[in-house]
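**Q** Here is a sequence with its predicted model. Questions after.
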Amino acid sequence: MLVDPFVARAGATRSVVDLGAGTGANLRYLAPRLGSPQDWLAVDSDPVLLGELAARAAPAGVQVRTLLLDLAQDLEALPLDGRDLVTAAALLDLVSASWLARLATRCAAVRADVLFALTYDGRIEWSPAIDGDARMCELVNLHQRTDKGFGPALGPAATTEAGRIFAGLGYRMRSARSDWELGTATRALQAALVDGWVAAAVEIAPREAPALEDWRQRRHEHLATGASRLRVGHIDLAGKLQRQ
């Protein structure tokens, strides 16, 4: 597992920064796997989400503090001194190459390890397949590259670009697939993805709106019968700075 090299040594405290922490899903997944004690700084620009995170009981042996910060505008204000692990989930595909390079430079400067989960890689695979699937995926991936507040987003190229940037600073990088596998128990989520992807595709190709709406209706028909399966490609990426 990618997490294994980051487990705290006996008696050592893992000092973690979680970027775009939201309500703490990444923290709740990683904390039980990192060993204790741990000191987390959860960073997000949404005070409501941070409030929900703070209201949850922290795992045993884990101290959690929150920081309200707009990472898109104020990355240099992010306090990294003394932190030995920088992590995020579902973030890298939203940021620009220049923003990511700035983050990587700061991580390397404090010799922090990095662990990024659930980065979208451009794969959308439906079963059963229907006409229009490939075009929808193409338009979604074009939309993924639009500005999400951090400059032109990396979208499906994020993992490759992040690996290149961090490796160039002396990190040894490893990756593993972490695809979403959605079946009959996740009809509501699949439906939300269908509707959201159609809206995004129409922004990119408004003249194709009738065909995209037809695709949406046919996908919902498969969902209604319980026949729909969906795989959305994601990759986890981990890096440790090599000693010099």
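**A** Nice, I can see it.
**Q** quick one, strands of this protein?
**A** For the chain, the strands defined by DSSP state E occupy 14-19, 38-44, 62-68, 85-89, 113-127, 171-177, 180-182, 229-241.
**Q** ok and the last one relative to strand 85-89, angle-wise?
**A** Relative orientation of strand 229-241 and strand 85-89, computed by axes from the mean of the first three to the mean of the last three Cα atoms, to 10 degrees: 170 degrees.
**Q** Point out the other elements, helices or strands, that strand 229-241 touches.
**A** Applying 3 or more Cβ pairs under 8 Å, 6 or more residues apart in numbering; DSSP states H and E, we find strand 229-241 packed against strand 113-127, helix 158-168, strand 171-177, strand 180-182, helix 187-204. Any C-beta I mention is one placed from the backbone N, CA and C, and that applies to glycine too.
**Q** Export the strands of the chain to TSV and append columns for mean pLDDT and distance to A25.
**A** Formatted as TSV, those follow (pLDDT from 0 to 100; distance: least, Cβ to Cβ, whole Å):
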stretch	mean pLDDT	distance to A25
strand 14-19	96	10
strand 38-44	97	11
strand 62-68	96	13
strand 85-89	97	7
strand 113-127	97	9
strand 171-177	96	18
strand 180-182	96	14
strand 229-241	96	14
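**Q** Pretty sure G61 sits against W40.
**A** No: using Cβ atoms under 8 Å, G61 is not in contact with W40; the gap is 11.1 Å.
**Q** export the helices and strands packed on strand 229-241 to a markdown table and tack on distance to T146 and mean neighbour count?
**A** Formatted as a markdown table, those follow (distance: least, Cβ to Cβ, whole Å; neighbours: other Cβ atoms under 10 Å):
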| stretch | distance to T146 | mean neighbour count |
| --- | --- | --- |
| strand 113-127 | 14 | 20 |
| helix 158-168 | 14 | 19 |
| strand 171-177 | 25 | 15 |
| strand 180-182 | 21 | 14 |
| helix 187-204 | 8 | 16 |
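**Q** Adding distance to E221, write the ones you listed out as a markdown table.
**A** A markdown table is the format used below for these (distance: least, Cβ to Cβ, whole Å):
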| stretch | distance to E221 |
| --- | --- |
| strand 113-127 | 13 |
| helix 158-168 | 33 |
| strand 171-177 | 30 |
| strand 180-182 | 17 |
| helix 187-204 | 11 |
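**Q** nearest to L94, of the ones you listed?
**A** Nearest of those to L94, taken as Cβ to Cβ: helix 158-168 at 8.2 Å.
**Q** for that closest one, packing partners?
**A** Helix 158-168 sits against helix 97-109, strand 113-127, strand 171-177, strand 229-241, with contacts defined as 3+ Cβ pairs under 8 Å, 6+ apart.
**Q** Between G61 and W40, point out the one with more neighbours.
**A** Neighbour totals were compared for G61 and W40, and W40 leads with 28 against 14 (other Cβ atoms under 10 Å).
**Q** which residues sit in contact with that one?
**A** Listed by Cβ atoms under 8 Å, 6 or more residues apart in numbering, the contact set of W40 reads V16, V17, D18, L27, A31, A58, V62, Q63, V64, R65.
**Q** quick one on the thing from earlier: how about the strands of the chain in CSV, adding distance to P210?
**A** Shown next, in CSV, are these (distance: least, Cβ to Cβ, whole Å):
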stretch, distance to P210
strand 14-19, 40
strand 38-44, 39
strand 62-68, 43
strand 85-89, 36
strand 113-127, 20
strand 171-177, 35
strand 180-182, 27
strand 229-241, 23
